[in-house]
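Novice: I would like to see how this sequence folds:
(one chain, ligands or ions: 2)
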Amino acid sequence: MSDGGSPPPVKARGLVKRYKEVLAVDHIDLNVRTGDVYGFLGPNGAGKTTTLRMALGLITPTEGTVELFGRNPMRQGARALEGVAGFVEAPRFYPYLTGRKNLELLAALDGDGASERIDEVLGVVELAPRAGHRVAGYSHGMRQRLGLASALLRRPRLLILDEPATGLDPAGMRDMRRLIRRLADDGITVLLSSHQLPEVQELCDRVAIVDSGRVVYEGALSDLRRQGGAGYRLRSTDDVRALELARLQTGIEHPLADGTGLGFQADEDAVAAFSLALGRAGIGILALTPELATLEDLFFRLTENGAGGSQPNGADAAQGVSDSDRLVATQ
Ligand SMILES: Nc1ncnc2c1ncn2[C@@H]1O[C@H](COP(=O)(O)OP(=O)(O)O)[C@@H](O)[C@H]1O
Ligand SMILES: [Mg+2]
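Specialist: Numbers count the residues shown, from 1 in each chain. Ligands and ions are numbered 1, 2, ... in the order given. Alright, predicted model coming up:
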């Protein structure tokens, strides 16, 4: 969606946050446009929460700037946060008060008719039946939804959510995704961080992929996938030798064994030649199926191969090798 010349919901330039010897955020640029459901994706410790804290004006950048709708929270304070709501890590509430009472206290701080919207936002997050219960008895998912309700009290145009589905059970994750989708459909721009690929794949149209404090890709998810080319999966009677063969075979790109088989990129001619080569080597094919490159494959290629390919921000190659265990690929 076009911004029609008005300042974008989030524009970060050269954001740096240093904690003594730890470079938590290392020159990050972000461009969230109106209408985006923008995924800020990266493994634990990548710098996501720190970046979102700077965006919300909760901590001061060591270097660089972030602007929300053209306003700088460092220079303009609370005024820069008009139309912006969200929370980092977990939302905080008084546990001994009810969900409704917590919202009433927040609404009193927000002013601007927020009190009248309490029933409405409780309805949106489907918490109305439990609003009279103490937060102490809420599940993690209910607290997250109450957090969203409190954000919605402010009638935001931009929602900033830090790993909103992390720690939820599968049903809670599905509910959270539906809710975010619905808010986006209502015209709210969403910036959400996640280390969970399925969540981002399902929700987001544009992403920034971050590793070790640096953006290694920013752009449309669809472009990133196209860049990966057509992928295939192979299960064979001898995956170890099949991998060796794949590495020698012309036209078989990025072969990778993952314990349940082999993934690689290739065009159809190369796949046909590879299947014949497997047969000649006495390796039986149990399954050979085309699949779209997953975001996970692309992530590892971006972060492990020195981040070649598209980098609209001119970000440098990612440093170091990411630990695959840190990135949760399944729910
Ligand atoms: N207040 C702090 N003091 C020192 N180091 C911090 C602080 N906050 C974050 N870090 C470090 O910065 C890095 C990025 O952390 P964080 O932004 O929380 O990552 P993410 O949210 O992507 O998991 C980590 O190495 C973390 O330990
Ligand atoms: Mg975090």
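Novice: Please identify the buried residues of stretch 165-182?
Specialist: Buried positions in stretch 165-182, judged by neighbour count with 16 or more other CB atoms under 10 Å: 165-166, 168, 172-173, 175-177, 179-180. (Each C-beta comes from the backbone N, C-alpha and C, glycine too.)
Novice: How about stretch 89-107?
Specialist: Neighbour counts over stretch 89-107 (16+ other CB under 10 Å) mark 91, 93, 98-103, 106-107 as buried.
Novice: One more: stretch 133-149?
Specialist: Buried, per 16+ other CB under 10 Å, within stretch 133-149: 134-135, 138, 141-149.
Novice: do stretch 75-84 as well
Specialist: 80-81, 83-84.
Novice: same check, this time on stretch 109-127
Specialist: When burial is assessed from 16+ other CB under 10 Å, stretch 109-127 yields the following buried residues: 110, 114, 117-118, 121-122, 124-125, 127.
Novice: So which bits of the stretch 1-150 of the chain are right by ligand 1?
Specialist: 19, 22, 24, 42, 44-50 (CB under 6 Å from any ligand atom).
Novice: which residues of the stretch 101-250 of the chain score low on pLDDT?
Specialist: Applying pLDDT under 70 to the stretch 101-250 of the chain flags the ranges 225-230.
Novice: Max pairwise distance over the buried residues of stretch 165-182: which two?
Specialist: Spatially, the most separated pair among those is Thr166 and Leu179, at 14.9 Å (CB to CB).
Novice: Just the buried ones from the residues of the stretch 1-150 of the chain next to ligand 1, in ChimeraX syntax?
Specialist: The following ChimeraX selection, which keeps only the buried ones among those, applies the criterion 16+ other CB under 10 Å:
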select :24,42,45,46,47,48,49,50
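Novice: Can you tell me which of the residues of the stretch 1-150 of the chain next to ligand 1 lies closest to Ala220?
Specialist: Proximity of these to Ala220 (CB to CB) peaks at Gly42, which lies at 17.5 Å.
Novice: The closest one and ligand 2: what is the separation?
Specialist: The gap separating Gly42 from ligand 2 is 9 Å, by CB to the ion, to the nearest Å.
Novice: cool, and Asn44?
Specialist: To ligand 2, Asn44 is 7 Å away according to CB to the ion.
Novice: Ser193 is in contact with that residue, correct?
Specialist: No. With contacts counted by CB atoms under 8 Å, Asn44 stays clear of Ser193, the gap being 10.8 Å.
Novice: re earlier: and of the buried residues of stretch 165-182, the nearest to ligand 1?
Specialist: The closest of those to ligand 1 turns out to be Thr166 (CB to the nearest ligand atom; 9.8 Å).
Novice: Restrict stretch 125-134 to CA atoms and write it as CSV.
Specialist: The C-alpha coordinates for stretch 125-134 follow below in CSV (Å, rounded to 0.1, in the frame of the first residue of the first chain):
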residue,chain,number,x,y,z
VAL,A,125,-9.7,-10.0,22.1
GLU,A,126,-12.5,-12.4,23.2
LEU,A,127,-11.8,-11.8,26.9
ALA,A,128,-15.2,-10.4,27.9
PRO,A,129,-16.4,-13.5,29.8
ARG,A,130,-13.2,-13.5,31.9
ALA,A,131,-12.9,-9.7,32.4
GLY,A,132,-14.2,-9.9,35.9
HIS,A,133,-11.6,-12.4,37.0
ARG,A,134,-8.2,-11.5,38.6
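Novice: hang on, the earlier thing: can you pick out the most distant pair from the buried residues of stretch 133-149?
Specialist: The widest separation within the buried residues of stretch 133-149 (CB to CB) is 18.9 Å, between Arg134 and Leu148.
Novice: what sits against Thr60?
Specialist: By CB atoms under 8 Å, 6 or more residues apart in numbering, the contact set of Thr60 is 54, 74.
Novice: Got the confidence number for it?
Specialist: Note on Thr60: pLDDT of 95.
Novice: ok, so what distance separates it from Val16?
Specialist: Applying CB to CB, to the nearest Å, the value for Thr60 to Val16 is 11 Å.
Novice: Repeat that for Val207.
Specialist: The value you get for Val207 to Val16, if CB to CB is used, is 21 Å.
Novice: swap in Leu179?
Specialist: Taken as CB to CB, the span from Leu179 to Val16 is 33 Å.
Novice: next one: phi and psi at the closest residue to Arg117 other than its chain neighbours?
Specialist: Nearest residue to Arg117, sequence neighbours excluded (CB to CB, 6 or more residues apart in numbering): Leu153, at 5.7 Å. Backbone geometry at Leu153, expressed as degrees, to the nearest 10, gives phi -50, psi -30.
Novice: Looks like Leu153 contacts Leu106 (just checking).
Specialist: Yes. Leu153 is within contact range of Leu106, at 6.2 Å (criterion: CB under 8 Å).
Novice: Overlap of the contact sets of those two?
Specialist: Residues within reach of Leu153 and of Leu106 at once, by CB under 8 Å, 6+ apart, are Ala114.
Novice: Quick check: the farthest pair among the buried residues of stretch 109-127?
Specialist: The distance between the two most remote of those (CB to CB) is 17.9 Å, for Asp110 and Leu127.
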